[in-house]
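Visitor: the following block contains a protein sequence and its predicted model.
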Amino acid sequence: MFSFNKIYNWLNARLRIDDLVLFMKKKEVPLYHGTIWYYFGGISLLLFIIQVVTGMLLLLYYKGSSDLSFESVQFISAKVKFGWLIRSIHSWSANLMVLAVMVHMFSVFFTKAYRKPRELSWYSGFILFGLAFAFGFTGYLLPWNELSFFATKVGTDIIKVVPVVGDFFMKIMRGGEDVTGATLSRFFGFHVAFLPGIFTVVLALHLILIQRQGMAAPENWEELPESQKKRIPFFPNFLIRDLLLWLLIINVLSILAVFFPWELGLKANELAPAPAGIKPEWYFLFMFQTLKFIPAKLAFIDGEVFGVLMFSLAGLFWFLVPLWDRKTSVGKKGYLLTYAGIFVVMYIIVFTIIGFIT
C-alpha cells in the first residue's frame with residue numbers, strides 16, 4: 001500500500017529534508033505593493049525548465065546540418081506525433097523567457113535590489129540575461145529557414161564592425177567568412193551544449209545567492225514602523241502562490257502554442273539575395289532600429305561602429321550599477337538613476353514598436 005509518510009521518512013533519513021523544510025519555513029518574503037515583481041524570477045526559471053525539456057525532445061529528431069536541419073524540422077512538425085506542439089512550445093517559451101528575464105532585471109533595478117549585500121546576485125543575474133539573449137540568437141538559426149539565415153547574417157555582420165576584435169569574433173561564430181553549414185554546426189553546439197552548461201552553473205550560483213540573502217525589501221522598508229512591515233513565509237505561502245502563477249503561465253503558453261503555431265517558412269538558400277525588410281527577433285529590434293537611424297559617418301567614425309560601441313558601453317554601465325550607484329547604497333533616494341531606468345525602458349519599447357511598423 002502506498003504511504004507518503006514512509007517515502008518521506010525514508011528520504012528524510014538519507015537527505016535530511018527536515019532541515020531544508022525548517023530553513024524554508026524561517027525564510028520570509030516582504031509583502032507590499034511591489035511583491036508581484038518577485039514572481040518573475042520564478043517565471044523565468046519555469047520557462048527555462050520548459051526550454052530544457054522540450055529541447056531534449058526535439059533533439060531526438062533534429063539533425064544539425066545544412067543539408068538535413070530544415071527537413072528534420074519539417075519532419076518533426078508534420079510526421080512526429082505532437083511534434084508541431086513541442087516545437088511551438090519551445091519557440092514560444094524561448095520568447096517568453098527573454099521577456100520574463102527582461103522584466104525581472106528591470107524590476108530588480110527599480111527596486112534597488114542590487115544594493116549591498118546583493119551585488120553578486122545582480123552580476124550573476126546580468127550574466128543570465130546575456131545568456132538568454134545568446135540562446136535566442138543561436139537557436140534562431142537552427143531551423144535553417146530563409147528568415148533565420150539572413151537575420152543571422154545581419155547579426156554577425158554587426159559583430160564584425162566592432163574595432164580590433166570584431167572580425168575575429170565574427171569568424172569564430174560563423175566558422176569562416178560567411179554564414180554556411182559550418183555556422184549552423186557551431187550555433188547548434190553553442191545552443192545545446194556550451195550555453196546550457198554555463199547557464200546551469202551561473203543559475204545554480206544565482207539561486208544559492210538568493211536563498212542565502214533572501215528577498216530584497218523595498219527602499220523605505222527600514223523606515224517603516226515594525227507594525228507596518230508585513231511578511232509572509234516563503235514556505236508554503238509564497239511557494240504556493242508561485243506555483244499557481246506557474247500554472248497560469250503554462251496555460252498561456254499552451255494557448256499560444258496551439259492557436260498560434262510557430263511557422264517554419266522556406267528553406268534557406270545561401271546563393272539567393274536577402275528578402276526585403278529582413279529583421280532580427282523582437283528582443284534585438286530596438287538595437288537594429290537604432291543602427292538604421294545613425295548616419296553612415298559621424299565625424300571620423302563609421303555610424304554603425306559608433307552605435308555598437310555605445311550599446312556595448314551602455315551594457316557595461318548597466319552591469320556595473322552596484323559600483324557607481326552610491327546614493328542608494330547608503331540609503332539615499334536615487335531619483336536620477338530611476339529616471340535613467342525609465343528612459344531605457346521607454347527607449348526599448350518605442351524603438352521596438354518602430355522596428356515592427358517600419
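Guide: The structure has been received and is ready for your questions.

Visitor: going forward, measure contacts and count neighbours with C-alpha atoms only.
Guide: OK.

Visitor: low-confidence regions, the stretch 1-150 of the chain specifically.
Guide: Low-confidence segments of the stretch 1-150 of the chain (pLDDT under 70): 1-2.

Visitor: pretty sure G303 is touching K297, no?
Guide: Yes: between G303 and K297 there is a contact at 4.9 Å, judged by C-alpha atoms under 8 Å.

Visitor: the two - which one has more neighbours?
Guide: Neighbours were counted for G303 and for K297 using other C-alpha atoms under 10 Å; G303 has more, 18 against 12.

Visitor: the more buried one: what's it in contact with?
Guide: 291, 294-297 (C-alpha atoms under 8 Å, 6 or more residues apart in numbering).

Visitor: same check on A113?
Guide: With C-alpha under 8 Å, 6+ apart, A113 has these contacts: 122, 216-218.

Visitor: 6 Å instead, please
Guide: If a contact means C-alpha atoms under 6 Å, 6 or more residues apart in numbering, then A113 has A216 as its contacts.

Visitor: kindly report the same for R118.
Guide: For R118, the contact set (C-alpha under 6 Å, 6+ apart) is empty.

Visitor: torsion angles phi and psi at it?
Guide: Dihedral angles of R118 (phi, psi; degrees, to the nearest 10) stand at phi -100, psi 20.

Visitor: G189: neighbour count?
Guide: 14.

Visitor: how far off centre is the helix or strand harbouring it?
Guide: Using DSSP states H and E, G189 maps to helix 181-189. Centroid displacement of helix 181-189 relative to its chain, using C-alpha atoms, centre = their mean, to the nearest Å, is 21 Å.

Visitor: so what does that helix touch, helix or strand wise?
Guide: Of the remaining helices and strands, none touches helix 181-189 by 3 or more C-alpha pairs under 6 Å, 6 or more residues apart in numbering; DSSP states H and E.

Visitor: moving C-terminal of that helix, what's the next helix or strand?
Guide: Next element after helix 181-189 (DSSP H and E): helix 195-213.

Visitor: elements contacting that following helix?
Guide: Partner elements for helix 195-213 (3+ C-alpha pairs under 6 Å, 6+ apart): none found.

Visitor: who does the helix or strand following it pair with, and is each partner parallel or antiparallel?
Guide: Next helix or strand after helix 195-213 toward the C-terminus (DSSP H and E): strand 231-233. Applying DSSP bridges to the sheet, strand 231-233 is found paired with strand 28-30 (antiparallel).

Visitor: could you point out which element follows the strand it pairs with?
Guide: Following strand 28-30 in sequence order, the next helix or strand is helix 39-59 (DSSP H and E).

Visitor: so that next one versus helix 195-213, what angle?
Guide: 150 degrees (axes from the mean of the first three to the mean of the last three C-alpha atoms, to 10 degrees).

Visitor: which helices and strands sit right next to the helix or strand following helix 39-59?
Guide: Next along the chain after helix 39-59, taking DSSP H and E as the criterion, comes helix 69-78. If you count contacts as 3+ C-alpha pairs under 6 Å, 6+ apart, helix 69-78 packs onto helix 83-110.

Visitor: the helix it packs on packs against which elements?
Guide: Packed next to helix 83-110, using 3+ C-alpha pairs under 6 Å, 6+ apart, are helix 39-59, helix 69-78.

Visitor: and for N5, the neighbour number?
Guide: N5: 9 neighbours (other C-alpha under 10 Å).

Visitor: kindly report the same for the one 4 residues further on.
Guide: Using other C-alpha under 10 Å, N9 has 14 other residues around it.

Visitor: does it count as helix, strand or coil?
Guide: Classification of N9 by DSSP: H, G, I helix; E, B strand; the rest coil places it in helix.

Visitor: follow-up on the earlier one: quick check, nearest of the contacts of G303 to A268?
Guide: A268 lies nearest to L291 out of the contacts of G303, by C-alpha to C-alpha, at 25.2 Å.

Visitor: and the closest one, its phi and psi?
Guide: Dihedral angles (degrees, to the nearest 10) for L291: phi -60, psi -30.

Visitor: do you know the pLDDT at it?
Guide: Note for L291: predicted pLDDT of 90.

Visitor: export the helices and strands packed on helix 83-110 to JSON lines and append columns for distance to T352 and mean neighbour count.
Guide: As requested, the helices and strands packed on helix 83-110 are exported to JSON lines (distance: least, C-alpha to C-alpha, whole Å; neighbours: other C-alpha atoms under 10 Å):
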{"stretch": "helix 39-59", "distance to T352": "21", "mean neighbour count": "18"}
{"stretch": "helix 69-78", "distance to T352": "29", "mean neighbour count": "19"}
